[in-house]
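Colleague: missing the sequence, but the structure's below:
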């Protein structure tokens, strides 16, 4: 009797140790659509439409690139270089020759949209001011990146502030000289900075001014000569 009871107890212990524990929890069923895109793959050997359009039109930056404004070069010059090409450093050097220079002033500026600009501070004794130039950019920034005030509008703004302004409408270039509280000094400096680039342009400008001020001239008839006595 004891032997049978012991055998049943041993059998119960073995069953509990080997198979009596609860089975491990199974993970929930995964979504069969997980990781599957709703967009069907392109047929073998074909390129998706989005990539085809991008290849045809170029990248976004290339497609949005603005074209430079086609304008003739200005006949006016500073230091022998047309206003359409002269650098800010060259203009600063010319201003220094005329006594207008600030030791710690750097030439700043850049390109935004279809225009480029540079500007630097000037000093002469106690007088202070700045020189600024805005013109069409050789390499415009992409469309949508912003833009500067056009030269024609900037001309009106600066003139209202009392600055001296040279605006070349044909070339779309504006040069601004501002001297705090001294518009006469600004005008004098501007006149010394800007020269006509060549003799033909200078002659054309003088002719135009002469026509406006004097008007057409009359041709006088030659005086009558009395006949000689025989």
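Modeller: Nice, I can see it. None of the values given here were measured: they were computed from a predicted structure.
Colleague: what's the closest non-adjacent residue to residue 79?
Modeller: Of all residues not flanking residue 79 in the chain, residue 94 sits nearest, at 4.6 Å (CB to CB, 6 or more residues apart in numbering). Any C-beta I mention is one placed from the backbone N, CA and C, and that applies to glycine too.
Colleague: State the pLDDT value of residue 147.
Modeller: Residue 147 is assigned a predicted lDDT (pLDDT) of 84.
Colleague: Quick one: end-to-end distance for stretch 157-171.
Modeller: 19 Å (CA to CA, to the nearest Å).
Colleague: again, but for stretch 96-112
Modeller: 28 Å.
Colleague: pLDDT on it, on average?
Modeller: 95.
Colleague: Pull the residues that contact it.
Modeller: Applying CB atoms under 8 Å, 6 or more residues apart in numbering, the external contacts of stretch 96-112 come out as 88-89, 92, 95, 116-124, 128-129, 137, 139-141, 145-148, 189, 192-193.
Colleague: where does the protein dip in pLDDT?
Modeller: Across the chain, the ranges flagged by pLDDT under 70 are 1-66, 145, 197-230.
Colleague: element containing residue 152?
Modeller: Residue 152 is part of helix 151-160, with elements assigned from DSSP states H and E.
Colleague: Check residue 123 too.
Modeller: strand 115-124.
Colleague: Just the angle for the helix or strand just after that strand relative to helix 151-160, thanks.
Modeller: Following strand 115-124 in sequence order, the next helix or strand is strand 127-136 (DSSP H and E). Angle, strand 127-136 to helix 151-160, by axes from the mean of the first three to the mean of the last three CA atoms, to 10 degrees: 170 degrees.
Colleague: Strand 127-136 pairs with which strands?
Modeller: strand 115-124 (antiparallel), strand 173-179 (antiparallel) (DSSP bridges).
Colleague: Which stretch among those is buried most, on average?
Modeller: Mean neighbour count, computed with mean count of other CB atoms under 10 Å, is highest for strand 173-179 among the strands paired with strand 127-136, reaching a mean of 25.
Colleague: What residues sit buried inside the helix or strand just after that one?
Modeller: Following strand 173-179 in sequence order, the next helix or strand is helix 183-193 (DSSP H and E). For helix 183-193, the neighbour count (16 or more other CB atoms under 10 Å) marks 183, 185, 186, 189, 190, 192, 193 as buried.
Colleague: for those, which one is nearest residue 73?
Modeller: residue 193 (17.5 Å; CB to CB).
Colleague: what's the closest non-adjacent residue to that closest one?
Modeller: Using CB to CB, 6+ apart, the nearest residue to residue 193 is residue 78, at 5.4 Å.
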